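Asker: Below is the sequence, then the predicted model.
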Amino acid sequence: MKKLPLWADLVLVPLISIVLAALISALVILAIGGDPVEAVSVMFEGALGSPYGWGYTLYYTTSFIFTGLAVTVAYHASQFNIGAEGQAQLGGLGVALVCLALPWPHWALALPAAMVGAALFGAAWAAIPAWLAAKRGSHIVITTIMFNYIAYSLLQYLLVTVLRPAGQMDPATARFPSGASLPTFHDIPGLSGIFSPSVPANISFFVAIIACVAVWVLLWKTRLGYQIRAFGKNEQAADYAGISRTKVIVISMLISGALAGLMSINNVMGEAERLLQNSAEGAGFIGIAVALMGRNHPLGVFLAAFLFGFLYQGGAEMGLWTDIPIELRLLLQGLVVLFTGALDEMVRMMITPFFRRKEAR
Amino acid sequence: MDYPTLIAILDSTLRLATPLLLACLAGLYSERSGVVDIGLEGKMLMAAMASGVVAYLTGNVWAGVGAAIGASILFSMIHGLASITFRGNQLISGVALNFLASGLTVLIAQALFHQGGRTPALSGNARFSTITLPFEAEIRQVPILGPLYSDVLSGHSILVYVALLAVPVTWWVLYRTRFGLRLRAVGENPESVDTAGISVVGMRYGALVITGLLCGLAGAYMSTGLQAGFGREMIAGRGYIALAALIFANWHPWRALGATMLFGFLQALALRPDVLSNFGLSVPDAFLDALPYVLTVIVLAGVVGKPTPPKAGGQPYVKER
Amino acid sequence: MNNTTQSQTRRHSAASSSSQGAAKAPAIELRKICKSFGTVRANKDISIKVQPGTIHGIIGENGAGKSTLMSILYGFYKADSGEILINGRETIIPDSQAAIRAGIGMVFQHFKLVPNFSVVENVILGAEDGRLLRPSIAKARRELKRLAQEYEMDVDPDETVENLSVGHQQRVEILKALYRQADILILDEPTGVLTPAEADHLFRILDFLRAEGKTIILITHKLREIMEITDTVSVMRRGEMTATVTTSQTSPQALAELMVGREVLLNVEKTKAKPGAEILQIKDLRVWNDEKVERLKGIDLTIRSGEILGIAGVSGNGQTELLEVLGGYRTGRGTITVNGKTLDLSGRSDAQSRRHDGIAHVPEDRHHHGLILDFPAWENFIFGYHNAPEYQKNTVLMDNAGIVRATEEAMQRFDVRPPIPALAAKNFSGGNQQKIVLAREIERNPAVLLIGQPTRGVDIGAIEFIHKRIIELRDAGAAILLVSVELDEIRALSDRIAVMFDGEIMGERLPEDTDEKDLGLLMAGMRDRNRVADEETPNDYNDPRDDNDDDGADGGDAGGEGE
């Protein structure tokens, strides 16, 4: 295997991957009779061209940071958590139960409580796959996929039969009390002049940034993180060092599930203000793309989450103002995962000759 | 539950189990060769779209099936490129292909028909007609067993019978042919195959072609047999249920038949809420929907015998010194 | 029946070739083979000739380039330059298929068998006669029966391979090659996994094959085997072939010198041990593996402070399990006490608690156990001791800067090159990797040091350094348990030697009161000179060592003189 400089591996490979994904998407747009140039300009205009666009872009970014971090923490313990989607849905349930439990007087009280609820429920949903992986050797990928579907069914049942207020048609909980309403960017001093009341980006964005720092400290500055990474790199050696397999798998998955669950303070508490069916809307899966693109580092996750936030908001605007369906986002997402996660060796091989020539000189 | 109701449920069991069975066998070939494939869902989706589109445009269902197989094999080959040639992560490749399929199918169908990502309804020769098995009318008269033959087995589209036939054929290929021997070997210990002078890469690509073919049939059945046309996300997790069935079946073709029939039965039951309520049971639909997944988790937990997946599954093959 | 006649004609030609001697074209000739991996030159201008019907040994240290050369011959690698001639004809071997066609069969160190296949399925894999299996299996069954009679290789064709003993699995590998009509058989370190009895049987099979006119290449790093069975021998060192000689005209010392490029000096300078109090006591220790097979069958050992107890034995006789139980990551039954404290063997305690009890452990396999290869040296330096209070800044954070400093100092003391704490472990050489592990385990002055294969894959210079450090730790009062498959190392370092066979201690010796022959008998499972064949060993063990005893001991003794 030829070696690339570290910066190329960390920066260039993801960048080329996104360029490749964009090129292929452009070809698809051409093939279905669209105009890629128009598409790109609509995306930029829609996502970054106005405070309104930024408000949405950062709203999506917030969700993707949480799920990207969730996938990242599990990844370092060599667990591929594909169940962030289900864990985020359960996190939403936790948020809803907390918000509806009391007539919250102020968001500053409601937010910490809701975070606890979100994290606990998300972690709980990761607990069984984690325990099965640690104790019974069940493949975490398969079990977390199964738990995504079980979560979907569970929430469907709860929202239709248990949590739906009498007289309401659609399967959703009641509205949260106004005291549980999180300040949006419009409500935040200093930002209120820029953002209109209609933007969904809210204070959770700053919680997400804190989460990035916390995950970085956890993984690289603490004993637990050391043990998680050591176990992820070499399970046998972890035995030798007395690092408990069960402990690392279960704790890393609980943290992963908690992070996925925490996403729902953004979408459920910050935006919808009630729990709807399929509340995570695929953000759990985007977390996979974000983690891969971000090279499983919190800083990378932050940047990749912003990129996907841009793609999501831009894609939505594109679906609105052009003939190109909004599903182009899924295509891009798939291509990014493919290039950064599965074909990264190909990308590396593509750029290696350039570096070899440089060395020869 | 009276007998005619049971017959009706068994009839739809067979109908609903067919795509699961085809996809499950598809996964069996791939995983037996050592390539884990969680992209069954995406391949089926692509195939369903391709067959819906081509069958509508040509008015010929067989052209649709051909397109389905082509689209599915194309995806299979991308999976091969990532996981065999470039030794990428097979799980991630599968996830990526599922996203790709979700996006591409809607983009293409929308661009062609502007019906919200659907294809127009298929009719006539663009759909599979049902086949009446021989002596259907005569055997119907036999008490108890007659309806099983005439109402359950008879009267399906040809792909149902293809799927059923694929079970013994797969068994025969795996355990009675040279290809099967090498396929099983490459999934257990690819070095044994490599040192015997057989190409590991070739074997795995070969397996993936079969996987593509069978997923193609599964997808084609969805849009031209089970339903009349393609709709967005119409596979609705069947690829993952097939994956679950494969684990349930411990990667064995006959047990795959059993597992997919069980899961098909659960789906059929979910379509008939009246049946369970007649028993005085009020089981929410959501519970029946979730049951295949719950059962699979129980199997994975090793409560009823530990699943033994092919040992080399998920590992890209790197030649050692 | 076709096959019988074929092999008969081949036998005739082989017989005639041996009578003609060197006039016949060599079965294998390599001319100026070169192969590089990046900047590493694995093979430099290698040339050899091997006459048909002979056994040719290739000897050299780990990493000398033996396996690379054989991989080229078997089509795994393509040589950068050079020629291969088979029976005098230039042959290009782009892949294994071509090697098989050219009549080359290979028995790898790690078997290439499908564990859940039957013997006959493994044998026909890749050599089937048609698309359907039935005729191939029937034919292979007949052929296996014939080969079994001809070469004393009785294996049940329908047994599943994973149920066979290691020796029998190796026989399946040889049968695979013979079934493919191989005339040239390459065996890569074939005895590393065998018991002495199995190794003897293997050599008997090789004798038969040579008599049948087959050409055999035996790759090994064991001098005894070269002296015992080969006709000619080539020595490799650092990718070069330093000599090719007739075995009967050389001596083990001469070969050893050629292998390492200078006289082998395994005589470790040490004073007599001054054993103190009993530190480690093991009583009736029993261990079962995951398949519920008993691997340790009642071990009793005692080690005092300031002494080294060496465990000799063929690998796979329970030494690994012993280290793992003591190291805290395998469960067992029995009693182990350290400084009077009884250890919990039930699995409730782990490798962390062992470290608390003063047991340090240099594991046998540093790549899989001792190091995280992707981690930098400084993170490896605290591996297993990451919870130690001196590495923590406060209750939450680790003192990473302090750890880097400590690592840098330790690297200086242990002469680790390059002394860069931020360099990933995988970028150090084997010897320097081992020094990192050693520095970590030795420098805390443990009460007990477990050390497995201390110098495996380590260059000569580092070996001396490592041995010296072990002695120093002994003299500082530690109780040391040394496990090594290198008998020379055991004899050089140990103050007492215990020999393990099949999960039991066959006997204890003082190094000055024993010799290789004596230890060899214990290693073969013959307790205290009681030469009764062990009935539990496979049925092929009908004539234990009678033939080879003298030869083996000669080779062994001579090898021992090199010390």
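Answerer: Looks like it came in fine. Numbers count the residues shown, from 1 in each chain, chains lettered A, B, ... in the order given.
Asker: Contact residues of chain B facing chain C?
Answerer: By the rule C-beta under 8 Å from any C-beta of the partner chain, the part of chain B lying against chain C is B:175-182, B:184-185, B:188-189, B:191-198, B:311, B:319, B:321. C-beta coordinates here come from the backbone N, C-alpha and C atoms, glycine included.
Asker: If you go by neighbour count, which of the residues you listed are buried?
Answerer: Buried residues within the residues of chain B next to chain C, counting neighbours by 16 or more other C-beta atoms under 10 Å in any protein chain shown: B:177-182, B:184-185, B:188-189, B:191-198.
Asker: Is the helix or strand in which residue B:246 is found in proximity to chain A?
Answerer: Per DSSP states H and E: residue B:246 is located in helix B:238-248. Yes. Interface with chain A: helix B:238-248 contributes B:240, B:243-244, B:247 (C-beta under 8 Å from any C-beta).
Asker: Which residues are in contact with the residue nearest to residue B:130 when sequence neighbours are not counted?
Answerer: Once flanking residues are discounted, residue B:130 sits nearest to residue B:155: 4.9 Å by C-beta to C-beta, 6 or more residues apart in numbering or on different chains. Shown in contact with residue B:155 (C-beta atoms under 8 Å, 6 or more residues apart in numbering or on different chains): B:11, B:130-133, B:136.
Asker: Which one of these is nearest to chain A?
Answerer: Nearest to chain A, judged by C-beta to the nearest C-beta, of these is residue B:11 at 25.1 Å.
Asker: Pretty sure the closest one sits against residue B:152.
Answerer: Yes. With contacts counted by C-beta atoms under 8 Å, residue B:11 reaches residue B:152, the gap being 5.0 Å.
Asker: still on that earlier bit, and the residues of helix B:238-248 next to chain A, which is closest to residue C:443?
Answerer: The closest of the residues of helix B:238-248 next to chain A to residue C:443 turns out to be residue B:247 (C-beta to C-beta; 48.6 Å).
Asker: Run a quick neighbour tally on that closest one.
Answerer: 22 (other C-beta atoms under 10 Å in any protein chain shown).
Asker: Also the one 3 residues further on?
Answerer: Burial of residue B:250 is recorded as 15 neighbouring residues (other C-beta under 10 Å).
Asker: Excluding chain neighbours, what is closest to it?
Answerer: Ranked by C-beta to C-beta, 6+ apart and with sequence neighbours excluded, the top spatial neighbour of residue B:250 is residue B:307, at 5.4 Å.
Asker: right, and the secondary structure at residue C:58 would be what?
Answerer: Taking DSSP: H, G, I helix; E, B strand; the rest coil as the rule, one finds residue C:58 in the strand state.
Asker: What residues are bridge-paired with it?
Answerer: Following DSSP bridges, residue C:58 is listed with bridge partners residue C:219, residue C:234.
Asker: Up against chain B, what does chain C have?
Answerer: So far as C-beta under 8 Å from any C-beta goes, chain C lies against chain B at C:67-68, C:71, C:74-77, C:95-100, C:106, C:108, C:112-117, C:121-122, C:124-128, C:130-134, C:136, C:176.
Asker: wait, which of the residues of helix B:238-248 next to chain A is closest to chain C?
Answerer: For the residues of helix B:238-248 next to chain A, the nearest to chain C is residue B:247 (17.7 Å; C-beta to the nearest C-beta).
Asker: Quick check: buried residues in stretch B:298-310?
Answerer: For stretch B:298-310, using 16+ other C-beta under 10 Å, the buried residues are B:299-301, B:307, B:309-310.
Asker: just stretch C:149-162 next, same as before
Answerer: C:151, C:153, C:155, C:157, C:161.
Asker: what does that stretch rub up against?
Answerer: C:113-120, C:122-123, C:140-141, C:144-145, C:147-148, C:164, C:168-169, C:171-172, C:174-175, C:178, C:201, C:204-205, C:208-209, C:212, C:539-540.
Asker: Kindly recompute the last result at 6 Å.
Answerer: With contacts defined as C-beta atoms under 6 Å, 6 or more residues apart in numbering or on different chains, stretch C:149-162 is touched by C:113, C:115, C:118-120, C:122, C:141, C:144, C:148, C:168, C:171, C:205, C:208.
Asker: now stretch B:282-298
Answerer: A:143, A:146, A:149-150, A:153, A:156-157, B:241, B:244, B:263, B:266, B:269-270, B:276.
Asker: nearest to chain C, of these?
Answerer: Using C-beta to the nearest C-beta, the shortest approach to chain C within the contacts of stretch B:282-298 belongs to residue A:143, at 22.5 Å.
Asker: Three-state assignment for the closest one, please.
Answerer: Under three-state DSSP, residue A:143 comes out as helix.
Asker: tally of neighbours for it?
Answerer: 26.
Asker: now do residue B:13
Answerer: When neighbours are defined as other C-beta under 10 Å, residue B:13 has 21 of them.
Asker: where's the residue in the stretch 151-300 of chain C positioned nearest to chain B relative to residue C:129, distance?
Answerer: Residue of the stretch 151-300 of chain C nearest chain B, by C-beta to the nearest C-beta: residue C:176 (7.9 Å). Distance, residue C:176 to residue C:129, by C-beta to C-beta, to the nearest Å: 15 Å.
Asker: Skipping adjacent residues, who's closest to whichever residue of chain B sits closest to chain C in space?
Answerer: For chain B and chain C, the shortest gap (C-beta to the nearest C-beta) falls at residue B:196, measuring 2.7 Å. The shortest distance from residue B:196 to any non-neighbouring residue, by C-beta to C-beta, 6+ apart, is to residue C:126 (2.7 Å).
Asker: now swap in residue B:149 and tell me
Answerer: residue B:139 (4.8 Å).
Asker: can you confirm that neighbour is in a strand?
Answerer: No. According to three-state DSSP, residue B:139 belongs to no strand; its state is helix.
Asker: list the contacts for it?
Answerer: Counting by C-beta under 6 Å, 6+ apart, residue B:139 touches B:146, B:149-150.
Asker: Just the strands from the stretch 301-450 of chain C, written as ranges.
Answerer: Applying DSSP state E, counting those that start in this stretch to the stretch 301-450 of chain C gives strands spanning C:307-312, C:333-338, C:341-342, C:359-362, C:448-452.
Asker: ok, which residues in chain A are in contact with chain B?
Answerer: Within reach of chain B by C-beta under 6 Å from any C-beta of the partner chain, chain A has these residues: A:32, A:80, A:132, A:136, A:138, A:141, A:143, A:145-146, A:149-150, A:153, A:156-157, A:325, A:327, A:330-331, A:333-334, A:337-338, A:341-343, A:345-346.
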